[in-house]
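**Student:** prediction below, plus the sequence it came from.
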Amino acid sequence: MLVVDLKFFHTEEHEPTLKESATWLAVWISLAVIFGVIIFIWQGSDIGIEYTAGYLIEYSLSVDNMFVFVVIFTYFAVPLKYQHQVLFYGILGAIIFRGIFIAIGVALINRFDWVIPVFGAFLIFTAYRIARGGGEDIHPEDNAILKFAQKRFPSTKNFDGQNLFTVENGKRLATPLFITLIFIEMTDVVFALDSIPAIFGITKEPFIVLTSNVFAVLGLRALYFTLAGAMNRLHLLHYGLAVVLGFVGVKMIVELFHIEIPIWLSLGVIIGVLAITTVLSLKIPPKDDGKNDTSSAHG
């Protein structure tokens, strides 16, 4: 699927149109739905519902992460026609990092009983953090790893097409795309740390954990170019995500007391909360508090 994405959507110095992005977004969502139907038929309704609930959580977290990508691309002044290059490698990195964290998570859960409630407590903390800040306060200029990368790799402020490195005055320099990619990959790690515990709160099946994550991430680039111009319209989504993550966190903790929340109830809560916050976001105009102002961006 990544090969298809690379061949048909990852073309040289191309600015994806809204129609093109929306079409590919529909393709990725359709593939996820078709796979879900196969899971329902092959593994039964319970596993099918687990996949659906997991996919919805991971996809919703991906939507919330779009706000961060907008801030990063604005800060580094990356032209639209080059952004898809960075996002492609970012998605590839996201799949790799999530695969690693899933393997670690499965190993820990199978070995230690206390891991699930710890994940639950972490999700409740994450929910609190998201509800307070909405994930909007991103300051690349203060990031220690980014400062190290800029010192380790001499860079230029000039873009050279989609190249990550260029040569100026006989010196090999990193372009702004390379520095941006480092920051995107760093956010991939943070996003994985947030999202993997959430999916383990829905299912312990490694195959479902992995596939729900992969399908949610694959359409991330098309989703970005479809919604990038309307991110502020979803200004209440982070509250819904906070409620969902808090619910999943509580669900994981009460398992200590042998209290099982039915998977169909979990799915209902996820769909209901996300639907309500999405509708409210579209109905209620965002406050003009300056958080969405990108005029001070670097570049």
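**Tutor:** Right, received. Where do you want to start? Numbers count the residues shown, from 1 in each chain.
**Student:** C-alpha from now on. contacts and neighbour counts both.
**Tutor:** Noted.
**Student:** pLDDT score for the closest residue to A127 other than its chain neighbours?
**Tutor:** Excluding its sequence neighbours, the residue lying closest to A127 (Cα to Cα, 6 or more residues apart in numbering) is A242, at 4.1 Å. Predicted confidence (pLDDT) for A242: 92.
**Student:** sticking with the residue positioned nearest the centre of the chain, tell me its helix or strand.
**Tutor:** Centroid-nearest residue in the chain, with Cα atoms, centre = their mean: S62, separated by 3.1 Å. Per DSSP states H and E, S62 falls inside helix 45-75.
**Student:** for that helix, name the packing helices and strands.
**Tutor:** On a contact count with 3 or more Cα pairs under 8 Å, 6 or more residues apart in numbering; DSSP states H and E, helix 45-75 meets helix 18-43, helix 176-200, helix 206-218, helix 220-227, helix 237-254, helix 263-283.
**Student:** and those helices as TSV, adding mean neighbour count and distance to Y89?
**Tutor:** Listed next are the helices and strands packed on helix 45-75 as TSV, based on neighbours: other Cα atoms under 10 Å; distance: least, Cα to Cα, whole Å:
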stretch	mean neighbour count	distance to Y89
helix 18-43	16	17
helix 176-200	21	8
helix 206-218	22	11
helix 220-227	22	10
helix 237-254	23	26
helix 263-283	16	29
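**Student:** could you dump these into a markdown table with distance to K81 added?
**Tutor:** Listed next are the helices and strands packed on helix 45-75 as a markdown table, based on distance: least, Cα to Cα, whole Å:
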| stretch | distance to K81 |
| --- | --- |
| helix 18-43 | 13 |
| helix 176-200 | 12 |
| helix 206-218 | 20 |
| helix 220-227 | 11 |
| helix 237-254 | 28 |
| helix 263-283 | 28 |
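**Student:** and these: which comes nearest F119?
**Tutor:** Closest approach to F119 among these (Cα to Cα): helix 176-200, 5.5 Å.
**Student:** now the residue nearest to the centre of the chain: how far from V269?
**Tutor:** 18 Å (Cα to Cα, to the nearest Å).
**Student:** what does I208 give?
**Tutor:** I208 sits 19 Å away from V269, going by Cα to Cα.
**Student:** G120 too?
**Tutor:** When distance is defined by Cα to Cα, G120 is 17 Å away from V269.
**Student:** which stretches of the stretch 1-150 of the chain have low pLDDT?
**Tutor:** 1-14, 134-141 (pLDDT under 70).
**Student:** what's the nearest residue to K81 if we skip its chain neighbours?
**Tutor:** The spatial neighbour of K81 that comes closest, neighbours along the chain excluded (Cα to Cα, 6+ apart), is E15 at 4.3 Å.
**Student:** quick one: that neighbour is in a helix?
**Tutor:** No: counting by DSSP: H, G, I helix; E, B strand; the rest coil, E15 is not part of a helix but coil.
**Student:** was I right about it contacting L80?
**Tutor:** Yes: E15 is within contact range of L80, at 6.0 Å (criterion: Cα atoms under 8 Å).
**Student:** OK, contacts around S60?
**Tutor:** Taking Cα atoms under 8 Å, 6 or more residues apart in numbering, we find S60 in contact with 241, 274.
**Student:** swap that for M252, sorry
**Tutor:** 116-117, 119-120, 201.
**Student:** filter those residues down to the buried ones, ChimeraX style.
**Tutor:** Per 16 or more other Cα atoms under 10 Å, the buried members of those correspond to this ChimeraX selection:
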select :116,117,119,120,201
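**Student:** out of the contacts of M252, who's nearest A131?
**Tutor:** G120 (16.5 Å).
**Student:** for the strand or helix carrying that closest one, list every residue counted as buried.
**Tutor:** For G120, the element it lies in under DSSP H and E is helix 115-133. Neighbour-count burial for helix 115-133, counted by 16+ other Cα under 10 Å, picks out 115-117, 119-128, 130-131.
**Student:** any idea which of those is the one closest to Q162?
**Tutor:** Distances from Q162 to the buried residues of helix 115-133, taken by Cα to Cα, are shortest for I130, at 33.5 Å.
**Student:** N65 versus the closest one, what's the distance?
**Tutor:** For I130, the distance to N65 - Cα to Cα - is 11 Å.
**Student:** go on, R111?
**Tutor:** For R111, the distance to N65 - Cα to Cα - is 31 Å.
**Student:** more neighbours: which of the two?
**Tutor:** Each of R111 and N65 has its neighbours counted (other Cα atoms under 10 Å); N65 has more, 20 against 10.
**Student:** quick one: list the elements packing against the helix holding G120.
**Tutor:** Helices and strands touching helix 115-133, by 3+ Cα pairs under 8 Å, 6+ apart, are helix 80-111, helix 176-200, helix 237-254.
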